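Enquirer: what would the 3D arrangement of this be:
(chains A and B)
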There are 2 protein chains.
Amino acid sequence: MNVKNAEIVSIGTELLQGGLVDSNSLFLTETLHGIGIEVSYRTTVGDDRQRIHQVLRQALDRAAVVVVTGGLGPTKDDCTRDALGDVSGGPLILHDETLKAIEERFARREVPIPEVVKRQAWVPDGFVVLPNRHGTAPGLLWEEGGRLLVALPGPPREMRPLFTEQVLPVLLRGAGSARRIRTRTIRVCGLREAQVEERITDLLGTEHPPVSLLARPGEVHIRMTVCGTEEEVESQLALWETRVRDRLGEAVFGVDEERLEEAVGRLLRLQGQTVAVAESCTGGLVAHRITNVPGSSDYFERGIVSYSNRAKLDLLQVPFSLIEQHGAVSSEVAVAMAAAVRRLAGTDLGIGVTGIAGPGGGSEAKPVGLTYIALADVRGEEWCEHRFPFDRDQNKLWSSQMALEMLRRFLLKARTEPS
Amino acid sequence: MNVKNAEIVSIGTELLQGGLVDSNSLFLTETLHGIGIEVSYRTTVGDDRQRIHQVLRQALDRAAVVVVTGGLGPTKDDCTRDALGDVSGGPLILHDETLKAIEERFARREVPIPEVVKRQAWVPDGFVVLPNRHGTAPGLLWEEGGRLLVALPGPPREMRPLFTEQVLPVLLRGAGSARRIRTRTIRVCGLREAQVEERITDLLGTEHPPVSLLARPGEVHIRMTVCGTEEEVESQLALWETRVRDRLGEAVFGVDEERLEEAVGRLLRLQGQTVAVAESCTGGLVAHRITNVPGSSDYFERGIVSYSNRAKLDLLQVPFSLIEQHGAVSSEVAVAMAAAVRRLAGTDLGIGVTGIAGPGGGSEAKPVGLTYIALADVRGEEWCEHRFPFDRDQNKLWSSQMALEMLRRFLLKARTEPS
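Expert: A predicted model of the protein is given here:
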């Protein structure tokens, strides 16, 4: 197909009631834009057959490609299938293979099929059925007069592979010109947004490719977008990344989707080091993030969530007297936790985190958000203090972020020092 | 104004290139919905004068209120002002007070005014100017024939106060009647979306308030929306909630924003029970979720993330021989973990989770996603097996979800049984 512009239509009354981020249209916007197809409009409409029909008609009048998500579920409010039939003029017909796939899916799980689910096997005549490996509602594709109408189920984990595996090839086949748009994100930890901006301010001028800064909890993301041929975009992005890295040095921890815990995992693996974690206020979040990385069992030995003082004594041999003297939230206890978990686990490194996540438990001397993080290695321990001004969830997140960042900086330093 | 429905229009080419969440339209959707104005469509369009004009015309044909954000800045691509003039038929005229405000703003900062900034003082004739305390671009408001067109600058910290302080009063004044729209979400665990629908199918008919079902990892959300006076909506929602609860019984764990871990925490607190957790494949996520709840230290004693076999032996006294005989991922090991953590922590209940999160580590007999969850109390242990078909992140999430759900169901049962 020779496609230049596309429209995205998100369907679902829940999207018009607030509180839900429409992550599908974000994904589609980014992906279409990335292969050089301009997204000219994005529309959200409720589960209303007539309104959907009108929106689709208008979109097909304006754009070569229309991608629709949502409203393909089994329930009564899901009327996208009907609206697609209204657009194409085709009645809904039973698609035997889809019905069979649904039946097999339920048989495998040894679960009886609810009658409503079978509704998903009815598809508008004239549409190509795109089998869905991750759910019961198939994708639907209609080509007419050089235009493409694609409808995909709303759950992102079904929509994304369907789009990538079965729709993208159709679009790329047609894209014709070799013009590409590519985006690269450089991820930074340990600098504030304004500090990042100061250091790269001369790279933000109008004669440069567009760069945007995005502040995330404990991170700053620098996004660059360039366009040209495949070769041009690759060399431009490489040049840009080098320049940004020159300015920001070790503050850069990753590129694109790489998470801080992946950067930490990479360094641990590279240096053949192992780690164990003892945490109180983060309640398991540090261990959870470290173990989000596939293969982390190679370097992560154990985690202790010592929520009670008794657990601190039993599991980490932190004496009550130390807690009485300095308080459970203190550098002394963080250091004792880090040293103990390292020693008991037999790992190279140990992390200790103790703090007040809130909303209760704070005092004037030790307010909510106060957090101590310690790191132990064979030579001894170091620690740092943070005071986070956030709510419980965010205080936990920032504490875990700063613990991972402390570990990352330590590993980077270890790399350049004689041992 | 007597307004019933609204449309939101977001303007900005950058919104159609991916990577940016349109937080303005989320805010506006939620706020309008909250005061009883239905949002019927949401459209995103680039910085293109003609396209913006067409979108605004169409929106004004369909809705009583049209709220536009973005494209009011000083740069060349910002053409919302021109498009507003195209809609009203009024030419752009210089608004002296706005120019003065801009000049004063720059004088205060002792910065010379870039010529382009003055462009923001030109407004389409017939529009009311809404002064912007947080930036240079004012808001613009146009009333004609009972319809309201409002344009606000894109930066959220300028848009939000402008909307709340200067637009909302106009809408509320007009809302006249005390008509409200309220939404309630009933959260369900332990039933699939289709099972939920089957049980409440007769409540989904067209004569009833709109209900939508939403599948979330390990949960189903049932969202009801009703409208009427404050009293009417409250009594309708209460009636509806009762009916849905009658059908779904104990599968309902919470309402609106309540998380599964909060429901579990409430039951633990109510029954005066305490819990400790031993986890492998979830890597700390179960403990993390339990400790997301403020005050969870009252009932959560400790968490053990026994990632290595040595940690299972050291911390939970799970003998190597048991692991050799049955494998680390087995019901026997899950049971041993749950019983041990309960005994060692001195809690009423213990949870053990072991599984293969993937992507590596699976075999034919024990595939990725296989998970055993055990629960121990004073009378003994019970366990269950799950086979999740997801990726690592989702397998961890589902495992934690099913562990919390097992705990919740156990506590519900305990409540009704003689002890």
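
Enquirer: the residue in the stretch 51-200 of chain A positioned nearest to chain B: how many residues sit nearby?
Expert: Distances between the stretch 51-200 of chain A and chain B by Cβ to the nearest Cβ are smallest at A:Pro114, namely 3.9 Å. All C-beta spots, glycine's among them, are computed from the backbone N, C-alpha and C. Neighbour count of A:Pro114, defined by other Cβ atoms under 10 Å in any protein chain shown: 19.

Enquirer: need the phi and psi values for the residue nearest to the spatial centre of chain A.
Expert: The centre of chain A sits closest to A:Glu257, judged by Cα atoms, centre = their mean, with a distance of 7.2 Å. Note on A:Glu257: backbone dihedrals following degrees, to the nearest 10 are phi -90, psi 0.

Enquirer: need the contact list for it.
Expert: Counting by Cβ atoms under 8 Å, 6 or more residues apart in numbering or on different chains, A:Glu257 touches A:Thr185.

Enquirer: all the helices of chain A, residue numbers only.
Expert: A:23-34, A:49-62, A:80-88, A:96-108, A:156-162, A:168-175, A:193-200, A:230-248, A:260-271, A:285-290, A:309-316, A:320-326, A:331-345, A:392-416 (DSSP state H).

Enquirer: ranking those helices by burial, who's on top?
Expert: Neighbour counts (mean count of other Cβ atoms under 10 Å in any protein chain shown) averaged over each of those peak at helix A:285-290, with a mean of 30.

Enquirer: average pLDDT for that one?
Expert: What helix A:285-290 shows for mean pLDDT is 98.

Enquirer: which intervals of chain A have sub-threshold pLDDT?
Expert: By pLDDT under 70, the weakly predicted segments of chain A are A:1-3, A:174-179, A:205-210, A:418-419.

Enquirer: now with 80, please.
Expert: By pLDDT under 80, the weakly predicted segments of chain A are A:1-4, A:19, A:34, A:36, A:109-111, A:172-182, A:204-215, A:225, A:227-228, A:415-419.

Enquirer: quick check: domain ranges of it?
Expert: By the assignment in automatic domain parsing, chain A contains the domains A:5-175, A:180-255, A:260-416.

Enquirer: before we move on, back to that, out of the helices of chain A, which gets nearest to B:Gly73?
Expert: helix A:193-200 (18.2 Å; Cβ to Cβ).

Enquirer: pull the contacting residues for the nearest residue to the residue of the stretch 51-200 of chain A closest to chain B once chain neighbours are set aside.
Expert: In this structure, A:Pro114 finds its nearest non-sequential neighbour in B:Ala194, 3.9 Å apart by Cβ to Cβ, 6 or more residues apart in numbering or on different chains. By Cβ under 8 Å, 6+ apart, B:Ala194 lies in contact with A:Pro74, A:Thr75, A:Pro114, A:Val116, A:Val117.

Enquirer: contacts only, for the fourth one.
Expert: Shown in contact with A:Val116 (Cβ under 8 Å, 6+ apart): A:Pro74, A:Thr75, B:Ala194, B:Glu197, B:Glu198, B:Thr201.

Enquirer: please tell me how far the fourth one sits from chain A.
Expert: It stands for B:Glu197. Here B:Glu197 is placed at a distance of 5 Å from chain A (Cβ to the nearest Cβ, to the nearest Å).

Enquirer: assess the claim that that residue and B:Leu204 are in contact.
Expert: Yes - contact criterion Cβ atoms under 8 Å: B:Glu197 and B:Leu204 qualify, at 7.1 Å.

Enquirer: shared neighbours of those two, anything?
Expert: Between them, B:Glu197 and B:Leu204 share the contacting residues A:Thr75, A:Lys76, judged by Cβ under 8 Å, 6+ apart.

Enquirer: how many residues are close by A:Leu213?
Expert: Other residues within reach of A:Leu213, judged by other Cβ under 10 Å, total 15.

Enquirer: beta partners for it?
Expert: A:Ile222 (DSSP bridges).

Enquirer: how about A:Glu7?
Expert: A:Tyr41, A:Val66.

Enquirer: burial count for it?
Expert: A:Glu7 sits with 25 neighbouring residues when counted by other Cβ under 10 Å.

Enquirer: contacting residues around it?
Expert: Applying Cβ under 8 Å, 6+ apart, we find A:Glu7 in contact with A:Val39, A:Ser40, A:Tyr41, A:Arg42, A:Thr43, A:Ala59, A:Arg62, A:Ala63, A:Val65, A:Val66, A:Val67.
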